[in-house]
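# A predicted structure for the sequence below; I have some questions about it.
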Amino acid sequence: MKKKINNTKLNDGCIKIFKLLILLYEDKADYNSVVEIFKDDLSEQSTNNIQVVLNKYINTLKVFGIKIKKYKNKYTLQSSLYSMGYNIDDLKSISILINSTKNFPDTKITQDLNEFINSLTLRMNNEDKNKLNKLNKNYDFSFYYSNLRDQIEQCEQICKEKFIINVLYQKNNKEVKCKCTPKEILYDTRNVYLRVYDSVSNANIDIPISNILQISKLPQLAKSSLVTTTVVYKLKNRLAKTYKLKENEYSDGYDKNGYLTVINKNEPFDTLLKRLMRYTYNCEIISPKYLRDQMINLINETLDNYNN
C-alpha cells in the first residue's frame, strides 16, 4: 500500500528551510536563532536531539549544492543557491574594490565593503572565482593611501572620541587654524578628508588629511546638537519638476507658486554653494541667513568680474 504524504508536515518543513535560508543570506544564522526555527521538531520524536534535527535540514540544503559552514556557534553560507554571471569588466571592478579595501584602516566603512564583496563572491561560480583570483594579483593600490595610514588611523580615533579639536592645516598655500568637532573620514579617488564641524562658520569643512600639519585634542566633548547643519532652498521653473534629491536631502513638497522646497543636511557649504550656483536664477537659498548672504556675495563677486 502506497504511503500517504502528510502535506501539512511537508509544508511546515519547507517553510522552516526557507526561514533558515533567509537567516543564512542575511548572515544572522547564529546557533540560537537557528534552533528557534526547528525547536517544534523536538516534540515530535522523543529520540530526536536538536543537533540531529539541525543536521537533517542542513543536509537537505547540501543536496541542492548549498555549502554551509559552522564556526564559533554561527552558520555561514559558503556557496549560494544560485550563481550570477559576471563578465570580465565586472570581475575587474570587484578585484579593484577588494584590493582597495586592503589599504583602508579597520573601520566601519571597511567592514561594510567587505560584507558587500562577500555577498558578490558568494554568488560566483567556480570559473569566475578562479578568474577573480588571477586578477587580484594584477592590482596593487598600496601607493594610494599607504603614506597616510598613520594620519588616517589618528583621525579615525579622534572621530570616535568626539572631543573638540584644534586643527592646523594648509589651504591655498596658507596655514589655517580651526577649532572644530571631528565627524568622519571621507575617501576620494586619490585623497582622504577629515570632515569637521566648524562652530564659527556653522558649517562642515572637508580638510585633506595630507594638508593637516597638527591636531591637538581639547578637554571638551562635542555637543551632538552642534554637529548637524541644515540648509533650506527653493527650486523654480522646470528644475523644480526635474530635480532629483541627493542622498542627504528631503523635500517638503511644492508651495503655492509651484516652487520645490529642499532641505539639505550636512553637505559642506562651499560644495553646496558651488552646486547651487549652477542652478542660476532657478534656485534661492531660504535659510540660514548667513549662507544666503554668502550666496549674494558670491553672485556679486561674479558680476564684478564681468563689470571689470
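It's in. These numbers were taken from a predicted model, which means no experiment stands behind them. Numbers count the residues shown, from 1 in each chain.

# From now on I want contacts and neighbour counts done on CA atoms only, so please keep to that.
Will do.

# mind listing what's buried in stretch 99-117?
By neighbour count on 16 or more other CA atoms under 10 Å, the buried set for stretch 99-117 is 99-101, 103-105, 110, 114, 117.

# Strands - which of those residues land there?
Cross-referencing the buried residues of stretch 99-117 against strands under DSSP state E gives no overlap.

# Mind picking the lowest-pLDDT entry from the residues you listed?
Note: of the buried residues of stretch 99-117, the lowest pLDDT belongs to residue 105, at 67.

# Restricted to helices, list the buried residues of stretch 99-117.
99-101, 110, 114, 117 (DSSP state H).

# Only the buried residues of stretch 176-187, if you could.
For stretch 176-187, by 16+ other CA under 10 Å, it's 177-185.

# I meant stretch 238-258, not that one.
Buried positions in stretch 238-258, judged by neighbour count with 16+ other CA under 10 Å: 240, 249, 254.

# How about stretch 78-89?
Quick answer for stretch 78-89 (16+ other CA under 10 Å): 79-80, 86.

# and if you look at stretch 125-138?
125, 128-129, 132, 135-136.

# swap in stretch 11-30?
Of the residues in stretch 11-30, 17, 20-21, 23-24, 29-30 count as buried by neighbour count, 16+ other CA under 10 Å.

# How far off centre is it?
Here stretch 11-30 is found 26 Å from its chain centre; the criterion is CA atoms, centre = their mean, to the nearest Å.

# Stretch 53-62 now?
35 Å.

# What lies in contact with that stretch?
The contact list for stretch 53-62 (CA atoms under 8 Å, 6 or more residues apart in numbering) reads 17, 35, 38, 41-42, 67-68.

# what do you get if the cut-off is 7 Å, keeping everything else the same?
Contacts with stretch 53-62, where a contact means CA atoms under 7 Å, 6 or more residues apart in numbering, come from residue 17.

# Using PDB, list the CA coordinates for that stretch.
The C-alpha trace of stretch 53-62 is given here as PDB (Å, rounded to 0.1, in the frame of the first residue of the first chain):
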ATOM      1  CA  VAL A  53      17.300  17.900  13.700                       C
ATOM      2  CA  LEU A  54      19.600  20.600  12.500                       C
ATOM      3  CA  ASN A  55      21.800  18.200  10.600                       C
ATOM      4  CA  LYS A  56      18.700  16.900   8.800                       C
ATOM      5  CA  TYR A  57      17.700  20.300   7.500                       C
ATOM      6  CA  ILE A  58      21.300  21.400   6.700                       C
ATOM      7  CA  ASN A  59      21.900  18.200   4.800                       C
ATOM      8  CA  THR A  60      18.700  18.900   2.800                       C
ATOM      9  CA  LEU A  61      20.300  22.200   1.700                       C
ATOM     10  CA  LYS A  62      23.600  20.400   0.900                       C
END
